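# for reference, the sequence and a predicted model appear below.
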Amino acid sequence: MSEELFDVRLTVNGLPHEARLPARRLLSDALRHDLGLTGTHVGCEHGVCGACTVLVDGRPVRSCLMFAVSAVDAEITTVEGLIEADGTAAGRLGPVQQAFAECHGLQCGFCTPGFLTTITAGLRDNPDPTEDEAREMIAGNLCRCTGYTNIVKSVLRAAEIAGERS
Amino acid sequence: MKITGQNVLPHPVEQVWDALLDPAVLVRTIPGCERLETTGENTYAMTVTAGVAAIRGTYDGTCALSDLAPHESLVMRLQGAGAPGTIDATVHVAFSAPSAEETLVSYQADAVVGGMVGGVGQRMLGSVSKRMAGEFFGNVGHAIGGGPAATAAAAGAGVGAAVTGPGRPGQVFTAPPRPPSSQQDFLRGVAVGTGLVVLGVVVGGLFGRRRR
Amino acid sequence: MFGEPVQRVEDQRFLRGRGRYVDDVLVGQQVLHAAVLRSPHAHARIVDIDVSDVLDVDGVRLVWTHEDLGGGTAPAMAEPLPLLIPHPQLTHGRTQYALAKDEVNYVGEAIALVVADDRYLAEDAVGRIKVSYEFLPPVVGLDAARAAEHLVHDDVPGNVAARLEQANGDAGAAIASAPHTLSLDLEVERSASTPLEGRGTVARWDVDTGRLTVWTSTQTSTGVRAAVAAKLGLDLGQVEVVTPDVGGGFGVKINHPWPEEVLVPYAARTLGLPVKFVEDRREHFISSAHERAQQHHVEVGYDDEGRVLGLDVQFWHDNGAYTPYGIVLPIITSTQLLGPYKPGAYRVVFESLYTNTVMCTPYRGAGRPQGCYVMERTMDAIAAALGKDRTDVRAANFIQPDEFPYDHGLIFQDGRELEYDSGDYPASLVKLKELIGWEEFPAFREEMAREGRRVGIGLACYVEGTGVGPYEGAHVHIETSGKVKVATGLTTQGQGHATSFAQIVADALGVPFESVEVVTGDTRRMPYAVGTFASRAAVMSGSAIHLAALRAREKVLKIAADALEANEEDLEIVDGVVSVRGTDASIDLGTVAVLSNPLRYAFDEASKAATQFTVGDPGKPPVAEDEEPGLEGKDFYSPERSTFANGMHAVIVETDPDTAEITILKYAVVHDCGNLINPMIVEGQIQGGVAQGVGGALYERMAYDESGQLVNASFMDFLMPYVTEVPRALDIDHLQTPSPLNPLGIKGAGEAGVIPSAAVFASAISDAEGFAITSMPISPSDLFHLRLQHASVAVDEEPA
């Protein structure tokens, strides 16, 4: 019993990646294991925790609920793609990432990539959120370490930094 | 490791017995058997390619039948070694006839498996053995039944032509490579190939003797 | 840098998606994947296991059951997993086998292991294994365990694993002669750590070096190393454990070895290829560990001031199907129940009972939340009976600041005396009342009542024994580049150890914070360690690192004094440069490091300075008699007893009169963990703990049905708090009574947030509703039903 494999090209963080995958390979697994982009994490595999959130054509999507083969025509953004070019090899932290570092918005870091992508998209839609709106923005992601207080602060700080940088 | 099982063949016990003692039958009914050489009375050297899980390999070994109680029971001692590991098994086979046209073959094996293939787990080994045994007896049943295979084999005549009787020392039987298609095609191919090869062996032997 | 809210160094890699968690290890390289067949029944005998259909799955490398364990080089694999913490009263301890032998005792117990080329195929294969069972009656819940109509283990009478009694004074007599008495029955339900990252293990056997490397998402690298070596029949020196980044532990990852932690290395060695196991969320729910379930019966005798004259507590602890962690949890409950109080006499007795459910091992708080719940409900009940303010009753019972050290006359979970070293409970209470607005609350309640809104206020106090032994160690190495490499053996799961420990070294050595690199949980770097649990990392490793850095500093000064031809007392180290105070004479640490190792062979420009024709006194040996080459400091910290942190929480809740929805209006924390290394990190720990506490108080429970099936084994049904469930207004204030037991005066902070949660919410909801809350968690639905129950009882009940 041998699975049929498909040659697919996934566009992730602006770059094309070729992979040979069975139809049932989840996007989360494809990103992590086939493409080696391990920044996207898997917390529950049933779409509740949000740790696997990536942006598909700019919208937050649970990559654990999507098949890789159905992402072939999309522009996928993962946490690795949130780094901004600044002339150095490492690049600099994007506004959301920078805010998290300043506000202690992460502890173990496992849920963090999902928050970063979700908030990136959220701030695109609402660049200047109130505290209530900031809470709403992250209300679909679970974190077991921080208690969310500093994540809310990070959202507001990220809005500030993005404003400063533009 | 202990493995037990039974299979029913739709043929009278005398035919089943004869088939199991015939190396020409064995070479094309033992799953993965590529080569069988008679080394003594009811003893053979064989080359078998078989797999358990992801571990496939080729084994060289011996098979000796003993304690023969015609149409009732026999003991088979199998020993083999290959890159994937080693096997040493003693199999007690009993025959009974639930009806005139049927034979119930029951076997009880005591096996020791070593090497890499031994690491796949006892139950996997047990399952593979049962599957191979099932395949084996199924093949034997077809071999006896003849069908297209029998008529294609030019050596010998009539039903059961594939069965040529116990081998003589030095006699080598080989099987052609297996195609990955259906069981029937495969058996047919084997029978044709074996028939030709047997012919070839006989002819070759003649030539060989002449050359010597 | 001590006391500074320094930004964390680990964030740089986490934020870029460059963390290295266990499932990231060996990505892109050849690695096989393991999957486990788990029991779908809570109690059954295994009759047959048929794997014949697995043969049709491509890429399967092995399928093992118990029979495949224990041959040849590793006979110990066939034996049960180790009982980690033995105790003389644990007369009937039981642990599971790595793969079930003949019988399964909980849904989720491992029966067979499959290894295949990828995880999908391995799971396909698991799905094709057919097991036949003979069902046995399951024992589910404490009531069933106590009734013992059926047994979990045939050879454990009454399902009792252990019975332990401790006493200080004669509680019975004190209660009998007390002016007032009360009796309470309380219950806490099961919950679980539920970190966002589940368990996982990767193992690679290197045939060239004869060594096994194991990466595992654990809280104890040395514990796993020892267990794996023992099970596989390897020398300790042949096994190394590297703890990767861990996505949360919260206690569940202190238990070890998991079946997979020994099976995966065994498979890697057998197959000669690396093997990886990573569980999924359902597996975490049904095959890791839970905690919290207890039933308590309290008898208390008190006087007119509410002072407790005698306290007698009997309780029953659900340890699940096995007891690998011994009876540490109920011992913690027994002892930490006392909180900041000094009852006249105390007796506590517990039974630890088996049930056919997931085993119970520590979850943040580890038995303290239950103890705190019991004590605080008792305090509230006394206040209600006497018509007194609840904070006054607490104050009447506090151990006073001048009574330290205070010996309770009991034995704590570390086998040592329960002696509190320091604290100022009255001062904490004053702060708490101010923070929450205790005195202003009655007016607030009236104002809300006029609007038809129902509010309540509650408080809870606790004491936490932290910094449990036996020891931790540290190694500090100053390299010739000037970088300072630090290693300690315990592990990290998000606490920011690399940052706070670097702060300690920066201070002790006088080096820039950025030049310090800290590694935790790697047995190659520090093989002597215990683990991360019981809020001990800062105390134990922090102290050891401080001491080790001081040793390195001693050596630096010695060599620098020699090189600068000065007296050691005149030297100072600032920003990694040693200088003679008040002069320009200086030498940087990197050069000192070069000089510390007399060389025959230079290997670069800088090292020429240490070669034999360049430096050294020909009249003395290059390395002095009791010295070692190099600039290293190694030290260990091993205290005589734990150091006791404490805290108090208060909360104002609103309950909806119609729907019984519970809303948190304000939450206040006063916390004393001695001196703070990094206040930002400590606050983060408290905030996280409070959120976890809210979850445990209001939403989280393990719902087992009578067949022992966990019916809410997913995030859809096990309700962990989102941002919407945590208090918006969370005020934290600190008290600092430094610990006298370690050089930095630190106490642990990790579990603080979660210990008093169940108690504080019970206190506030009771206050809002006017009737006692005696079991937790309490959801709006539970509250609704409780209201109906109480409505049918006499109306003259006092608010509790």
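Now that the structure is in, tell me what you want to look at.

# hey, let's count contacts and neighbours off CA atoms from now on
Fine.

# need phi/psi at residue C:33.
The phi/psi pair for residue C:33 (degrees, to the nearest 10) reads phi -120, psi 140.

# beta-bridge partners for it, please?
Applying DSSP bridges to residue C:33 gives these bridge partners: residue C:116, residue C:276.

# which residues does it contact?
C:115-119, C:122, C:275-277 (CA atoms under 8 Å, 6 or more residues apart in numbering or on different chains).

# what are the ranges of the helices in chain A?
Remark: helices assigned in chain A by DSSP state H are A:27-29, A:95-103, A:112-125, A:131-137, A:149-165.

# nearest to residue C:165, of these?
helix A:149-165 (42.0 Å; CA to CA).

# tilt between the closest one and helix A:112-125?
Per axes from the mean of the first three to the mean of the last three CA atoms, to 10 degrees, the angle that helix A:149-165 makes with helix A:112-125 is 50 degrees.

# just confirm yes or no for helix A:149-165 near chain C.
Yes - Helix A:149-165 reaches chain C (CA under 8 Å from any CA of the partner chain) through A:149-150.

# export that helix as PDB, just CAs?
In PDB, the C-alpha atoms belonging to helix A:149-165 read as follows (Å, rounded to 0.1, in the frame of the first residue of the first chain):
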ATOM      1  CA  THR A 149      -1.500  40.500  30.200                       C
ATOM      2  CA  ASN A 150       1.800  41.100  28.500                       C
ATOM      3  CA  ILE A 151       0.500  39.900  25.100                       C
ATOM      4  CA  VAL A 152      -2.200  42.600  25.200                       C
ATOM      5  CA  LYS A 153       0.500  45.100  26.000                       C
ATOM      6  CA  SER A 154       2.600  43.800  23.100                       C
ATOM      7  CA  VAL A 155      -0.300  44.400  20.700                       C
ATOM      8  CA  LEU A 156      -0.600  48.000  21.700                       C
ATOM      9  CA  ARG A 157       3.200  48.500  21.700                       C
ATOM     10  CA  ALA A 158       3.400  46.800  18.300                       C
ATOM     11  CA  ALA A 159       1.000  49.400  16.900                       C
ATOM     12  CA  GLU A 160       3.200  52.100  18.300                       C
ATOM     13  CA  ILE A 161       6.300  50.700  16.800                       C
ATOM     14  CA  ALA A 162       4.700  50.200  13.500                       C
ATOM     15  CA  GLY A 163       3.600  53.800  13.600                       C
ATOM     16  CA  GLU A 164       7.100  55.000  14.500                       C
ATOM     17  CA  ARG A 165       8.700  53.000  11.700                       C
END
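
# so which bits of it are buried?
By neighbour count with 16 or more other CA atoms under 10 Å in any protein chain shown, helix A:149-165 contains the buried residues A:149-162.

# swap in stretch A:107-125?
A:107-123.

# ok, and does that stretch reach over to chain C?
Yes - using CA under 8 Å from any CA, stretch A:107-125 reaches chain C at A:107-113.

# now residue C:391, what's its secondary structure?
Using DSSP: H, G, I helix; E, B strand; the rest coil as the criterion, the local structure at residue C:391 reads helix.

# burial of it, as a residue count?
19 (other CA atoms under 10 Å in any protein chain shown).

# what residues does chain C have near chain B?
With CA under 8 Å from any CA as the criterion, chain C meets chain B at residues C:49-52, C:54-55, C:57-65, C:67-68, C:270-271.

# from these, which land in strands?
Using DSSP state E, the members of these that fall within strands are C:49-50, C:60-64.

# off-centre distance for the helix or strand containing residue C:456?
Element membership for residue C:456 (DSSP states H and E) is strand C:454-466. The chain centroid and the centroid of strand C:454-466 are separated by 20 Å under CA atoms, centre = their mean, to the nearest Å.

# same check on stretch C:51-59?
On CA atoms, centre = their mean, the centre of stretch C:51-59 falls 41 Å from the chain's centre.

# give me the residues contacting that stretch.
So stretch C:51-59 is contacted by A:1-2, B:52-54, B:123-124, B:127-128, B:131, C:60, C:63, C:116-118, C:121, C:124-126, C:128-130 (CA under 8 Å, 6+ apart).

# any weak-confidence spans in the chain?
I'll assume chain A. For chain A, the stretches with pLDDT under 70 are A:1.

# not quite, go with chain B.
In chain B, residues with pLDDT under 70: B:147-168, B:176-212.

# quick one, strands of it?
Along chain B, counting by DSSP E, strands occupy B:2-9, B:33-40, B:43-52, B:55-69, B:73-82, B:85-99, B:102-114, B:172-174.

# in contact with residue B:104, which residues?
Residue B:104 neighbours (CA under 8 Å, 6+ apart): B:6-9, B:95-98.

# and these, which of them are buried?
B:6-9, B:95-97.

# the helices of chain A: which one's closest to chain B?
Closest to chain B of the helices of chain A, according to CA to the nearest CA: helix A:27-29, at 23.1 Å.

# may I see the buried residues of the closest one?
A:27-29.

# I'd like these laid out as JSON lines, including distance to chain B.
Conversion of these to JSON lines gives the following (distance: CA to the nearest CA, whole Å):
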{"residue": "A:27", "distance to chain B": "27"}
{"residue": "A:28", "distance to chain B": "27"}
{"residue": "A:29", "distance to chain B": "23"}
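
# those residues: which ones sit near chain C?
Of the buried residues of helix A:27-29, not one also sits near chain C (CA under 8 Å from any CA).

# tell me which of those residues is nearest to chain C?
For those, the nearest to chain C is residue A:29 (10.0 Å; CA to the nearest CA).

# residue contacts, that closest one?
Contact analysis of residue A:29 by CA under 8 Å, 6+ apart lists residue A:64.

# the residue of chain B found nearest chain A: how many residues sit nearby?
Of all residues in chain B, residue B:53 sits closest to chain A, at 11.8 Å by CA to the nearest CA. Neighbour count of residue B:53, defined by other CA under 10 Å: 22.

# can you show me the strands along the stretch 301-450 of chain C?
C:308-318, C:346-353, C:406-411, C:417-420 (DSSP state E, counting those that start in this stretch).

# any chance of the ones you listed in TSV, plus distance to residue C:399, mean neighbour count and mean pLDDT?
Formatted as TSV, those follow (distance: least, CA to CA, whole Å; neighbours: other CA atoms under 10 Å in any protein chain shown; pLDDT from 0 to 100):
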stretch	distance to residue C:399	mean neighbour count	mean pLDDT
strand C:308-318	12	25	98
strand C:346-353	15	23	98
strand C:406-411	8	16	92
strand C:417-420	10	20	92
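
# check the gap between residue A:68 and residue A:35 for me.
Look at residue A:68 and residue A:35: by CA to CA, to the nearest Å, they are 11 Å apart.

# now residue C:36
From residue C:36 across to residue A:35, the span is 26 Å (CA to CA).

# cool, residue C:156 as well?
For residue C:156, the distance to residue A:35 - CA to CA - is 52 Å.

# surely residue C:656 touches residue C:453?
Yes - at 7.1 Å, residue C:656 counts as touching residue C:453 under the criterion of CA atoms under 8 Å.

# ok so, going back, now tabulate the strands of the stretch 301-450 of chain C in CSV and tack on distance to chain A.
Listed next are the strands of the stretch 301-450 of chain C as CSV, based on distance: least, CA to the nearest CA, whole Å:
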stretch, distance to chain A
strand C:308-318, 25
strand C:346-353, 29
strand C:406-411, 32
strand C:417-420, 29
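
# who's in contact with the residue in chain B that chain C sits nearest to?
Closest contact between chain B and chain C, by CA to the nearest CA, is at residue B:120 (3.9 Å). Shown in contact with residue B:120 (CA under 8 Å, 6+ apart): B:52-53, C:61-64.

# in the stretch 301-450 of chain C, which spans are helices?
Using DSSP state H, counting those that start in this stretch, the helices of the stretch 301-450 of chain C run over residues C:328-336, C:368-386, C:390-397, C:425-436, C:441-450.

# any idea which element the closest residue to residue C:436 other than its chain neighbours lies in?
Leaving aside its sequence neighbours, residue C:436 sits nearest to residue C:668 (CA to CA, 6 or more residues apart in numbering or on different chains; 5.6 Å). Assigned by DSSP H and E, residue C:668 belongs to strand C:662-672.
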